[in-house]
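# model the structure of this input:
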Amino acid sequence: MRLSDFIGILEGKLLSDGDFDTLEYCTATCAQRFLTFLENPKYLTKISPKASCVFVTRENVSQLPSHLGGIMECDDPKWQFVLLHNHLANCEHYAGAGFRTIIGKNCSISPLAYISDKNVVIGDGVYVGAFSVINKNVRIGNYCAIHENCVIGGKSFNYAKTRNDKFIGMADTGQVVLEDNVEICPHCHVASAPLPSDVTYLGEGVKLDAFVHIGHGTKVGRRTLIPAGAQIAGNVTIGEDAWIGVNATIANRITIRNQGRVSLGAVVTRDVDEGQTVSGNFAIPHERFIRNLKDSAR
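Modelled structure (predicted):
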């Protein structure tokens, strides 16, 4: 693809033309050449060497790294990025080729469930309960159980806001992957993701209790348990054998390492170390939380 190919749908001034293979955020690790956007100057030194084209504000043009071939000056770079992404979302060379849904052997799927007839792979021995929805671009491993009223691959919460306070949502072209032996209790949502390279991932043996939300691009390691009501924001990384307590909230882009534990009701805004337990709102190491609690009761 070439930046000049899309002049008709974009708003901005083309300063130089360039080629790109896909769209990505500016710091992405990507094997392909990609088009990105830049609004905040703090990312100028962090732009990936694989970025070949950029939407950028006028004040940042002069500071761009030299490896960027295609440059379009825009008032709202992210808005233009989302417009182009949505335009390309139905193109196979961008979002990937479509295929008929594949369902494995010995599955038990309620006649009241919905499974997209495109771009779904379901392994052997999978159970899908009544009124659950499996949207496109979902891969489910063997012997998984998705109980009633769940949505797997539901709409991700991704919007661009312009300077005149309009909103535009991003189409979902990413993937959802559930490895073998995942179990999801009723009324859970596992969100899809916007960019083709994005994956929302539940590792082998992960268990979700009822009313859990897993945000777009979040990755949950093997054997992690997430009890009822937990809210996991987008792009969170949770390691193996972790525990996320009842009604806990995990903020965007947090990392919880292997065997990390989040107490019930905690609001996590900082990374959690391996084997560490955190408690409170905002969450702090559990020992300090208990000490502070005891001190306040004196």
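# show me the shaky parts of the stretch 51-200 of the chain.
Residue ranges of the stretch 51-200 of the chain with pLDDT under 70: 163.
# could you pull out the helices for it?
Remark: helices assigned in the stretch 51-200 of the chain by DSSP state H, counting those that start in this stretch are 77-88, 92-95.
# show me what counts as buried in the last one.
Residues of helix 92-95 classed as buried: 94-95 (neighbour count, 16 or more other CB atoms under 10 Å). Every C-beta, even on glycine, is put in place using the N, C-alpha and C of the backbone.
# so what secondary structure elements neighbour that helix?
Helices and strands touching helix 92-95, by 3 or more CB pairs under 8 Å, 6 or more residues apart in numbering; DSSP states H and E: there are none.
# the most centrally placed residue in the chain and Val176: what is the separation?
Note on the chain: the residue nearest the mean C-alpha position is Gly217, at 1.9 Å, using CA atoms, centre = their mean. As defined by CB to CB, to the nearest Å, Gly217 lies at a distance of 10 Å from Val176.
# shared neighbours of those two, anything?
193, 199-200 (CB atoms under 8 Å, 6 or more residues apart in numbering).
# tell me who's in contact with the residue nearest to the centre of the chain.
Contacts of Gly217 by CB under 8 Å, 6+ apart are 156, 174, 193, 198-200, 234-235.
# again, but for Phe20
1-3, 32-35, 52-53, 70.
# neighbour-wise, which one of these leads?
Highest neighbour count within the contacts of Phe20: Leu35, with 27 neighbours (other CB atoms under 10 Å).
# so what's Val176 bridging to?
Val138, Thr200 (DSSP bridges).
# follow-up on the earlier one: would you list the shared contacts of Gly217 and Val176 in TSV and tack on neighbour count and distance to Arg261?
Below are these laid out as TSV (neighbours: other CB atoms under 10 Å; distance: CB to CB, whole Å):
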residue	neighbour count	distance to Arg261
Ala193	26	27
Val199	18	25
Thr200	30	22
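# dump the residues you listed to a markdown table, plus distance to Cys91.
Shown next, in a markdown table, are those (distance: CB to CB, whole Å):
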| residue | distance to Cys91 |
| --- | --- |
| Ala193 | 18 |
| Val199 | 20 |
| Thr200 | 22 |
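# restricted to strands, list the contacts of Gly217.
Among the contacts of Gly217, the members falling in strands (DSSP state E) are 199-200.
# can you put the helices of the stretch 51-200 of the chain in JSON lines and add distance to Val121?
As requested, the helices of the stretch 51-200 of the chain are exported to JSON lines (distance: least, CB to CB, whole Å):
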{"stretch": "helix 77-88", "distance to Val121": "23"}
{"stretch": "helix 92-95", "distance to Val121": "16"}
